[in-house]
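Asks: One predicted model, sequence on top.
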Amino acid sequence: MQASSPQGAAPSKGSLATIALCLAIALLEGLDLQSAGVAAPRIAKEFALSVAQMGWAFSAGAIGLLPGAALGGRLADRWGRKRVLMLSVALFGIFSLATAHTWNFESLLTARFLTGLGLGAAMPNLIALCAEAAPEGQRNTAVGAMYCGMPFGAAFAAVVGIMSPGDDGWRHVFYVGGFGPLFMVPLLGLCLRESAQFVATRVTRNSRGAGTTAPHDVPGATPSIAHALWKEGRTRTTIALWTSYLGTLIVLYFLMNWLPSMVVANGLSRAQAGMAIMMFNIGGGIGAIGIANVMDRCSPRLTVIGMYLGIALSLAGLSGANGAVTMACGAFFCGLFLVGGQSVLYSMAGQAYATEVRGTGVGAAVAVGRLGSILGPLIAGQLFALGKSASMLVSSSIPLIVIAAIAALSVVSTFAPRVVAGVAQPGQ
């Protein structure tokens, strides 16, 4: 068996440029995902929206993420990662600007749904481009470096909100979230390279003989969705990835949406709640790059075990926190391990699927994870309405993390031995 390139090989300038461009897009994604929460109080006041209507406004964007991720990943295997990423970025840029010019509840829902569609379609392409651009042995770090842009972008959205006074200042965050992506589209066209692995796979597929009969072997054809997810021994990997994504993201988005309310419910001020959110995002940015780097340098299995153990301990600490300092520390470590863990899961999906089906596989996993982003806040809201305490909800989410950890370890077992041996990983 032919050995792969050395794990310590330095990334090329083209690889670094790809990762840097993907990081910039992830920053803008994080900003836009947080923008609705930042602008919510002033939107509600201007349009006289009820709490229930604002809930639908939040959900509209999250609902758009799900089909966007599935469609964006599928089209990436047909048209290429670069082309679909440019279309996705243009879509969420245009409709972020449209959000700033909505005039009623219905137009707000439409703009947020279409923005979510573009945001969802971009993520599988960002993951595939980074995973395919980085040298072997640095792929987790590359995806983690890209994904750390998400929490930092969310933190920047909060800064834009603070610096935009006045009742109509809520539009400023959507202007930044709209003009930024539209500026990036021509830059992507000029500077972003299409994935070399995707190009090589497409050339190989096109050169196959016309006598092949299997549907996924037709020259130039993209393998079917069923083949991409369930054939060639990928059934267990797909189910395990979906389970780990769903469990982790239910908890992650529960905290992202309800952490401020938890802080205030413990008798702390709204300023202290804002500090907790800031610490959560800072921890997430550090964790995204830090844990991914550890996974490239150490045993993937031990990294995953440590990552989920850190999540469980952080949740336990947060559930028992009752002061401003302990709340901020709990939020920091929850962000560190939850957001960092999600970046590792994204990287694992990029390695678990072969190049010709990577977009479809990653897109499907991201879409299932987006379902968790809808379910987490929804379930928590219903339990809060029934009188359950925030501490109880945080601690009761630990069994879900245990299930996600077992599923993630199942995925790691399919490729970790090859990484240790220095042999080509699956999906090369």
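Replies: Nice, I can see it. Computed from a predicted structure; not experimentally measured.
Asks: Give me the distance between residue 304 and residue 325.
Replies: As judged by Cβ to Cβ, to the nearest Å, residue 304 and residue 325 stand 30 Å apart. All C-beta spots, glycine's among them, are computed from the backbone N, C-alpha and C.
Asks: dump the residue contacts of residue 26.
Replies: 126, 146, 147, 148, 149, 150, 153 (Cβ atoms under 8 Å, 6 or more residues apart in numbering).
Asks: higher neighbour count, residue 304 and residue 325?
Replies: residue 304 (24 against 10; other Cβ atoms under 10 Å).
Asks: I figured the more buried one hits residue 404, correct?
Replies: No - the criterion here is Cβ atoms under 8 Å, and residue 304 misses it with residue 404 at 10.0 Å.
Asks: What residues of whichever strand or helix holds residue 264 count as buried?
Replies: Residue 264 belongs to helix 235-265 when assigned by DSSP states H and E. Within helix 235-265, the residues that count as buried by 16 or more other Cβ atoms under 10 Å are 237-238, 240-260, 262-263.
Asks: who are the neighbours of that helix, in terms of helices and strands?
Replies: The helices and strands touching helix 235-265, judged by 3 or more Cβ pairs under 8 Å, 6 or more residues apart in numbering; DSSP states H and E, are helix 225-230, helix 270-297, helix 300-320, helix 324-352, helix 355-385, helix 390-396, helix 398-412.
Asks: nearest to residue 45, of those?
Replies: When those are compared by Cβ to Cβ, helix 270-297 sits nearest residue 45, at 16.0 Å.
Asks: Quick one: mean pLDDT for that closest one?
Replies: The average pLDDT within helix 270-297 is 85.
Asks: swap in stretch 402-419?
Replies: On average, stretch 402-419 scores 78.
Asks: swap in stretch 143-158?
Replies: For stretch 143-158, the per-residue pLDDT averages 87.
Asks: And for stretch 111-129?
Replies: 93.
Asks: Give me the most central residue, the chain.
Replies: By Cα atoms, centre = their mean, the chain has its centre lying nearest to residue 123, at 6.4 Å.
Asks: Specify which residues of the stretch 1-150 of the chain, grouped into ranges, have pLDDT under the cut-off.
Replies: 1-11 (pLDDT under 70).
Asks: Please disregard the earlier target; I meant the stretch 201-350 of the chain.
Replies: 205-221, 261, 270.
Asks: after the helix or strand containing residue 27 comes which helix or strand?
Replies: Here residue 27, judged by DSSP H and E, is contained in helix 13-47. Per DSSP H and E, the first helix or strand lying C-terminal to helix 13-47 is helix 51-79.
Asks: Now do that next one: distance to the chain's middle.
Replies: Remark: helix 51-79 is offset 12 Å from the chain centroid, using Cα atoms, centre = their mean, to the nearest Å.
Asks: Give the next helix or strand downstream of that helix.
Replies: Following helix 51-79 in sequence order, the next helix or strand is helix 81-100 (DSSP H and E).
Asks: Next, the angle helix 355-385 makes with that next one.
Replies: Counting by axes from the mean of the first three to the mean of the last three Cα atoms, to 10 degrees, helix 81-100 points 30 degrees away from the direction of helix 355-385.
Asks: List the contacts of the residue nearest to residue 54 when sequence neighbours are not counted.
Replies: The spatially closest residue to residue 54, leaving aside those adjacent along the chain, is residue 44, at 5.3 Å (Cβ to Cβ, 6 or more residues apart in numbering). If you count contacts by Cβ under 8 Å, 6+ apart, residue 44 has them with 50, 53, 54.
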